[in-house]
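*Asks:* what shape does this take:
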Amino acid sequence: MFSTTLSVLHLVLILWYTIGILRVDLEEIMIAKKLTKVGNTQAVVLDKTLLSLVDADTESTFKVSIEGKKIVLEPMSQKEVDRMALEASDKIRKTQKNVFKKLAK
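*Replies:* Down below sits the predicted model:
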């Protein structure tokens with residue numbers, strides 16, 4: 001019962017935020033999350049409500065950076081993802097050009 005009530009509350013708050021009734025300063029939001037074990041790795045599970053506040057979804061790619069003692073997750077646009085992939089492939093092509101020449105023979 002409590003979980004259902006909380007989910008309905010989340011939906012109402014998202015609706016209010018979306019249509020402009022609720023004003024939220026995203027800089028002021030703080031939510032505590034525990035790490036979850038996934039195989040040999042630790043993960044932070046981000047629910048749909050939290051993702052929607054930053055215009056992200058389950059298909060979003062995030063830029064991960066470190067600022068002091070903070071781990072910062074920032075949703076990336078598809079253009080940013082494409083640019084990052086192109087830069088990585090250019091770097092690999094330049095640094096490994098001899099390997100690619102040998103493979104081409």
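
*Asks:* host element of the spatially most central residue of the chain?
*Replies:* By C-alpha atoms, centre = their mean, the chain has its centre lying nearest to residue 62, at 3.4 Å. If you go by DSSP states H and E, residue 62 is part of strand 61-67.

*Asks:* which outside residues touch the helix or strand following that strand?
*Replies:* Sequence order places strand 70-76 as the next helix or strand after strand 61-67, per DSSP H and E. Strand 70-76 is contacted by residues 46, 54, 55, 56, 60, 61, 62, 63, 64, 65, 66, 84 when judged by C-beta atoms under 8 Å, 6 or more residues apart in numbering. Backbone N, C-alpha and C define where each C-beta goes, glycine included.

*Asks:* scan these and report the most crowded one.
*Replies:* residue 56 (18 neighbours; other C-beta atoms under 10 Å).

*Asks:* tell me the pLDDT at the closest residue to that residue other than its chain neighbours?
*Replies:* Sequence neighbours aside, residue 75 is the residue nearest to residue 56 in space, at 4.1 Å (criterion: C-beta to C-beta, 6 or more residues apart in numbering). pLDDT recorded at residue 75 is 93.

*Asks:* how many residues are close by residue 75?
*Replies:* Neighbours of residue 75 (other C-beta under 10 Å): 14.

*Asks:* residue 40 versus that one, what's the distance?
*Replies:* 26 Å (C-beta to C-beta, to the nearest Å).

*Asks:* on that earlier part again, what about the residue nearest to the centre of the chain, distance to residue 88?
*Replies:* In terms of C-beta to C-beta, residue 62 sits 16 Å off from residue 88.

*Asks:* over to residue 82?
*Replies:* 11 Å.

*Asks:* ranges for the helices of this structure?
*Replies:* In order along the chain, the chain carries the following helices (DSSP state H): 2-19, 48-53, 78-95, 97-104.

*Asks:* highest mean neighbour count out of these?
*Replies:* helix 48-53 (a mean of 15; mean count of other C-beta atoms under 10 Å).

*Asks:* just give me how far that helix sits from the chain centre.
*Replies:* 10 Å (C-alpha atoms, centre = their mean, to the nearest Å).

*Asks:* equivalent analysis for stretch 60-70, please.
*Replies:* 9 Å.
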